[in-house]
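Give the three-dimensional model of this entry:
(one chain, ligands or ions: 1)
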Amino acid sequence: MRVVVTGATGRTGGEVAREVHDRGHDLIPVSREPAGSVAGVDLYPAADLPALLAEDGGEAGDDTVLVDFTVPVASVDYVGQAAEAGVPAVVGTTGFDGNERAALEDAAESVPVLKASNFARGVQALLNVVREAATALPGYDVELTETHHDGKRDAPSGTATTLLDALDGARDDALDRTYGREGEDPREPGQVGVHVRRGGNVRGEHEVLFAGNDEVVTLTHRAESRGVFAAGAVDAVEWLTDRPAGWYEFGDVIGDGGD
Ligand SMILES: NC(=O)c1ccc[n+]([C@@H]2O[C@H](COP(=O)([O-])OP(=O)(O)OC[C@H]3O[C@@H](n4cnc5c(N)ncnc54)[C@H](OP(=O)(O)O)[C@@H]3O)[C@@H](O)[C@H]2O)c1
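Presented below is the predicted three-dimensional model:
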């Protein structure tokens, strides 16, 4: 399989590129400023992406997958180019606004697109457990805290937003998201407090707290290396290659055994 990795010079894209190479796939690492190499493979210029996506020895798009860990504006552009070339796309980038998300969904009309805010298998388990806890503990106060490294751009994290959506789906009462608190700002019923911390080299930590009835339940996931995201993203690449056009999530990969 040929795997085109955009954002290959980045913290996560670099890990993904190394995982692609380690699994024996044909790695095509792409950068806006292609100086140097990743996993021993020279970087290709992002300006050449259409040609790189089309080039595979067979029909355009066969056996090539794009995997993207960049920024939303670049991701929409790269995934649009993949759709034009008939190439499936795995998107790990987070922080899309409504229009950007709609552009990815447009691409999924013509090719398979798999987007996940978190490629850690443990986060998929956390989502299931959070839904279960929210159903079992109606009316409990809910607070969410996430921590990431000091270079993270979007806040709250894509994973935090996915967890908040899972809570919304599991609770009968509509939860009103409150981002941090300052001054006189007492907790209102039905609120979910969202708290963001940034510092150092933290790979990603998410905690959901349920409090009520004189008891507290906390559910936590902590990524201990970026390798966990890379492994999940490449599992998704391998899973997506023969799927029909459409929108997919990482839960589809896990639910299918990841084969
Ligand atoms: N889904 C998951 O499991 C998961 C896990 C971790 C991170 N993420 C997400 O992945 C994304 C990347 O995170 P990161 O920590 O790896 O970031 P990073 O280290 O800053 O790398 C991002 C890469 O994107 C490219 N880039 C940056 N700005 C760009 C622009 N304006 N146009 C085009 N390309 C641009 C750069 O590559 P070039 O300049 O070389 O092209 C850069 O190396 C973030 O959205 C993050 O939240 C997702």
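
ok, and V65, which helix or strand is that part of?
Under the criterion of DSSP states H and E, V65 resides in strand 64-68.

Give me every residue in the stretch 151-259 of the chain that's in contact range of the ligand.
151, 158, 229 (Cβ under 6 Å from any ligand atom). No exception for glycine: its C-beta is placed from N, CA and C like everyone else's.

mind running it again at 5 Å?
Contact residues, the stretch 151-259 of the chain versus the ligand (Cβ under 5 Å from any ligand atom): F229.

Given the strand holding V65, what are its sheet partners and their directions?
strand 2-6 (parallel), strand 89-91 (parallel) (DSSP bridges).

List the neighbours of that strand that are in contact with it.
With contacts defined as Cβ atoms under 8 Å, 6 or more residues apart in numbering, strand 64-68 is touched by 1-7, 13, 16, 20, 53, 56, 74-75, 78-79, 82, 85, 87-93, 233-234, 236-237, 240-241.

which regions of the stretch 51-200 of the chain sit below the pLDDT cut-off?
56-62 (pLDDT under 70).

Burial check on L209, number of neighbours?
Summarising burial for L209: neighbours were counted as other Cβ atoms under 10 Å, giving 18.

quick one, phi/psi of it?
Main-chain dihedrals, L209, degrees, to the nearest 10: phi -110, psi 130.

Likewise for the one 5 residues further on?
Dihedral pair for D214: phi 60, psi 40, per degrees, to the nearest 10.

V41 too?
According to degrees, to the nearest 10, V41 has phi -110, psi 130.

can you check E215 too?
According to degrees, to the nearest 10, E215 has phi -150, psi 160.

For the strand holding V65, what is the distance to the chain centroid?
Computed by Cα atoms, centre = their mean, to the nearest Å, the chain-centroid distance of strand 64-68 equals 14 Å.

and what of stretch 189-208?
16 Å.

Which residue, neighbours along the chain excluded, lies closest to whichever residue of the chain sits closest to the ligand?
Across the chain, no residue is closer to the ligand than G10, which sits at 2.2 Å (Cβ to the nearest ligand atom). Using Cβ to Cβ, 6 or more residues apart in numbering and skipping residues adjacent in sequence, the residue nearest G10 is F69, 5.8 Å away.
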